[in-house]
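J.: Take a look and give me a structure for this.
(one chain, ligands or ions: 2)
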Amino acid sequence: MTSYVYDFSQGGMDQKDLLGGKGANLAEMTGLGMPVPPGFTISTDACRAYLAEGQQPDGLAEEVTTHLTALEQARGKRLGDPDDPLLVSVRSGAKFSMPGMMETVLNVGLNDVSVQGLARVAGGDERFAYDSYRRLLQMFGSTVLGIEASIFADALDALKAERGSEDDLDLTADDLRGLVRTYQDLIREHSGRDFPQDPREQLDLAVLAVFDSWNTERAALYRRQEQIPDDLGTAVNICSMVFGNGGEGSGTGVAFTRDPATGRQGVYGDYLVNAQGEDVVAGIRNTVPLADLEQIDKAAYDELLAIMARLESHYRDLCDIEFTVEQGKLWMLQTRVGKRTAEAAFRIAHSLADEGIIDFDEAVDRVTGAQLAQLMFPRFDTDSERHLIGTGMNASPGAAVGKVVFDSPTAVERAARGDDVILVRRTTTPDDLSGMVAAKGILTSRGGKTSHAAVVARGMGRTCVCGADGLDVDIAAGRFTAADGTVIAEGDTISIDGTTGEIFAGAVEVVDSLVVRHFEGDEAAGDDELVRAVTRLMDHADSVRRLGVRANADTPEDATRARRFGAQGIGLCRTEHMFLGDRRELVEHLILAEDAEQQRVALDALLPLQREDFTGILEAMDGLPVTIRLLDPPLHEFLPDYTELAVRLAIEQEHGEDQPRTHRLLAAVKRLHEENPMLGLRGVRLGIVIPGLFTMQARAILEATAARTAAGGDPRPEIMIPLVAAPQELELMKAEIIAVAAEVEQETGTKLSFLVGTMIELPRAVMVADQIAASAEFFSFGTNDLTQMTWGFSRDDVEASFFSTYLDKGIFAVSPFESLDTEGVGQLVAQAVRTGREARPDLHLGVCGEHGGDPASIHFFDEVGLDYVSCSPYRVPVARLEAGRSAGAGSASA
Ligand code: PEP
Ligand code: MG
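T.: Ligands and ions are numbered 1, 2, ... in the order given. The predicted structure is shown next:
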């Protein structure tokens, strides 16, 4: 029989699939003998079965009874007993942490009778008992019965206002008893039922509510954002309650074994006296720094620090911890390997490897390309004019400039219109997720570094400043006032610095990151501690990776930058931009040519310009391969728009000055018009249909090569033919190129060394890859077109039209143009790799579609055995790191 329920003493940290992250780690801490309140976990299997069947799976209720009875025996109390009730918390806990996205219900087991028993066993502390009861009603009402949470919050605020206080600690036992009645009335009014007095019914309903919370809109949005699969389900942890709200000797807090913002060692976290856990995360009251606990309760503080040290060495990583002190007794409520900023990730991985706690393979595996990309974000220019209007906590690094908005719908709406926005709130709640996704930055006036805003922003890599309590935020009026009297209204621009916590009025100038400056050769930047950590890990990634990294670069400037960023050549030099600007006229001559002679003249005019282009790029990449792709787009892309020409002609005709050239251009545009240009006269087809076009380009490349060779350089061109579907297409073009090469060798007296190869970007090319390999010396996978042609998705249209529906419906978790569809398109890549290499064992293989810079795709390309990936210059460091991680992961599992 399947087991659905596991005691905390039964599992361990490797069982996150079954027990969820929280359950697995509670079990691990229990096993380590740490003070975890006893409890049990209902597995993700149970959740999945419930979500699939729409009802509790058979046997679950009985198993819960068995484990609850054992828990009651262990604690010597019964759930909801009128005299001395056992109370439990019911918490969600999925495999991957989803902070604040799913539900928690605390104090389950309280009712109108047991609340008095609780007060009696708490030494007559009625205030504590009724405070616990009203929290249960509040959480149960919103989570289980689906009542708007603000209805309860408003009633609490109204009561505080009546008592003339801002702090819930000022409310008396009588106040709270009254609040309990108000909450019960609100529950009846809004849900049409009474709050259940039966403790077991409370428990069962709370469990189902946690299961259901897996499918709330906000949880689904979070998963999509974080690319967490939709079908994992959540576990539910039932844990005996311990109380942080039982007076001054109690409290609750969050701790980190290192600073999650910077990665530095020290005592980091927040503590809140006389409170339950949700008060800290909700940022309702301002917390004190964890270090202050030493003064408040030295014994608990010392024990906590000892446990933190043990957890860090056990997990060999930064851990974050939730704990409660109940009348001087420390309880561990949760731990996990903590989320961290990109900066902290690099510092921590580097320092753990330096300390010998992990090796450098693991250190490289602990950081990601996405984190490196974040460190390459710009920051504010400290020399520029700045008007500081406040400072908060540096919750999530980066520099964000945008127009202030005060609510999420407005953030979403303005962002959709193309505005950069900063979402300003007092505190954020999970309902603000859509606004946080849309905003460039988030600013709150309340709450610490562990508040919802901070945790979620860090996870998303959004710049965030929180707890800026010098700002008076008036959401209703749509403005905030700084301590110096500056008033910022909705739509005004501000700048927030998530690295320092500073807030500036107006737009502050932004500068490149130190990491980028270092890559670009700025020696001073190399002294920075973070830059040193990045460099060290990058060096290790480079030393272990098998996969080469090249850049897509079309100009000498881009090629130079790419080389500084570590590119080992150019994987794609698109030649089409070389036909734009003031060269358009020459291209027009080519298109309008009426005979072979006019065509030759037009091509001859383009030749020296192209030669110059290639000389610059071959020089910038001297000694490294440079893959130059011959012209790919349809020629009409270089002509004026049809309507524009028609208008021009009409005006000319009105003045009786119509030009033959305009007539000819219009006729050419008509002639060249295609209903489906992506499937039309482009790529190798141009080379075949327009005699001399590809040979002109090949001549320009080879003349530039001869000139560089003669000048003592080491040019390594690779001539690439695009959009080949049939081996004959490549054979024809290759023969022409070889003939041109022979001519150039003879004319210049220089021996040329170069390769001729093709892009594989059509499904047919994959099917006949062995035949194509007979004449191709290399393949470069054009996964943009290969994705387009395999799915039949127009790459220029679909992402903006219906992809959001496809993503919503879970047809794919991420656009296949962004991350390679490894099950479909990826299989084509794998097949062409195999058959191509069978036909030509020394075939050189790379990828130059956008996927070449995407972390997940890079791992796939490594697995299928490509020689290199090619991506934009700024992605080159990311690709180097991911290629190193891929190699490390491969060797670890081998
Ligand atoms: C591709 O199709 O993947 C490719 C690199 O070529 P382009 O994007 O220029 O069509
Ligand atoms: Mg292409």
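J.: residue contacts, residue 867?
T.: Residue 867 sits next to 547-548, 844-846 when contact means C-beta atoms under 8 Å, 6 or more residues apart in numbering. The way it works is simple: take the backbone N, C-alpha and C, and place the C-beta from them, glycine included.
J.: swap in residue 826?
T.: Taking C-beta under 8 Å, 6+ apart as the criterion, residue 826 is in contact with 820, 860, 864.
J.: residue contacts, the residue in the stretch 251-400 of the chain that ligand 2 sits nearest to?
T.: As assessed by C-beta to the ion, ligand 2 sits closest to residue 369 within the stretch 251-400 of the chain, at 23.5 Å. By C-beta under 8 Å, 6+ apart, residue 369 lies in contact with 855, 858, 878-879, 881-882, 885.
J.: repeat for residue 776
T.: By C-beta under 8 Å, 6+ apart, residue 776 lies in contact with 730, 756-758, 836, 840, 843.
J.: Over to residue 330?
T.: Taking C-beta under 8 Å, 6+ apart, one finds 35, 300, 303-304, 307, 323-324 in contact with residue 330.
J.: Low-confidence regions, this protein specifically.
T.: 1-2, 278, 280-285, 449-450, 455, 458-459, 461, 800, 889-894 (pLDDT under 70).
J.: So which residues on the stretch 651-800 of the chain come close to ligand 1?
T.: For the stretch 651-800 of the chain, the contact set with ligand 1 under C-beta under 6 Å from any ligand atom comprises 761, 782-785.
J.: Which of those are buried, as a PyMOL select command?
T.: Remark: buried members of these, expressed as a PyMOL selection using 16 or more other C-beta atoms under 10 Å:
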select buried, resi 761+782+783+785
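J.: which bits of this structure sit near ligand 2?
T.: For the chain, the contact set with ligand 2 under C-beta under 5 Å from the ion comprises 761, 782, 785.
J.: Report the buried residues of the helix or strand encompassing residue 705.
T.: Residue 705 is located in helix 693-710, with elements delineated by DSSP states H and E. Using 16+ other C-beta under 10 Å as the test for burial, helix 693-710 gives 693-709.
J.: same deal with stretch 179-197?
T.: For stretch 179-197, a neighbour-count test (16+ other C-beta under 10 Å) marks 179-180, 182-184, 186-187, 190, 195-196 as buried.
J.: Filter those residues down to the ones in helices?
T.: The helices, defined by DSSP state H, take in 179-180, 182-184, 186-187, 190 from those.
J.: Closest to ligand 1 out of those?
T.: Distance to ligand 1, by C-beta to the nearest ligand atom, is smallest for residue 190 among these, at 54.7 Å.
J.: Excluding sequence neighbours, find me the nearest residue to that closest one.
T.: Spatially, and ignoring its direct neighbours in sequence, residue 190 is nearest to residue 147 (4.5 Å; C-beta to C-beta, 6 or more residues apart in numbering).
J.: So for the residue in the stretch 1-150 of the chain positioned nearest to ligand 1, what's the nearest residue that isn't a sequence neighbour?
T.: With C-beta to the nearest ligand atom, the shortest gap between the stretch 1-150 of the chain and ligand 1 falls at residue 96, namely 31.5 Å. With C-beta to C-beta, 6+ apart as the criterion, residue 96 has its nearest non-adjacent residue at 5.0 Å, and that residue is residue 228.
J.: burial count for that neighbour?
T.: Residues within reach of residue 228, counting by other C-beta atoms under 10 Å, total 18.
J.: how far away is it from ligand 2?
T.: Distance, residue 228 to ligand 2, using C-beta to the ion, to the nearest Å: 32 Å.
J.: Report back the residue of this protein that's furthest from centre.
T.: Distance from the centre of the chain peaks at residue 656, with 59.9 Å (C-alpha atoms, centre = their mean).
J.: after the helix or strand hosting residue 538 comes which helix or strand?
T.: If you go by DSSP H and E, residue 538 is part of helix 529-544. Once helix 529-544 ends, the next helix or strand along the chain (criterion: DSSP H and E) is strand 548-552.
J.: In the helix or strand that comes right after that next one, which residues are buried?
T.: Note on strand 548-552: by DSSP H and E, the next helix or strand toward the C-terminus is helix 556-564. Using 16+ other C-beta under 10 Å as the test for burial, helix 556-564 gives 556, 558-563.
J.: now, among those, which is nearest to residue 499?
T.: For these, the residue nearest residue 499 by C-beta to C-beta is residue 561; the value is 24.6 Å.
J.: State the number of residues packed around the residue lying closest to that closest one once chain neighbours are set aside.
T.: Distances taken as C-beta to C-beta, 6+ apart put residue 873 closest to residue 561, at 4.8 Å, once the chain neighbours are dropped. A total of 23 residues lie near residue 873 under the criterion other C-beta under 10 Å.
J.: List the contacts of residue 873.
T.: Contacts of residue 873 (C-beta under 8 Å, 6+ apart): 551-553, 558, 561-562, 565, 567.
J.: now those as CSV including distance to residue 809?
T.: Below are the contacts of residue 873 laid out as CSV (distance: C-beta to C-beta, whole Å):
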residue, distance to residue 809
551, 36
552, 32
553, 38
558, 39
561, 40
562, 39
565, 38
567, 39
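J.: Looking at those residues, which is nearest residue 338?
T.: Closest to residue 338 out of the contacts of residue 873 is residue 565 (30.4 Å), distances taken as C-beta to C-beta.
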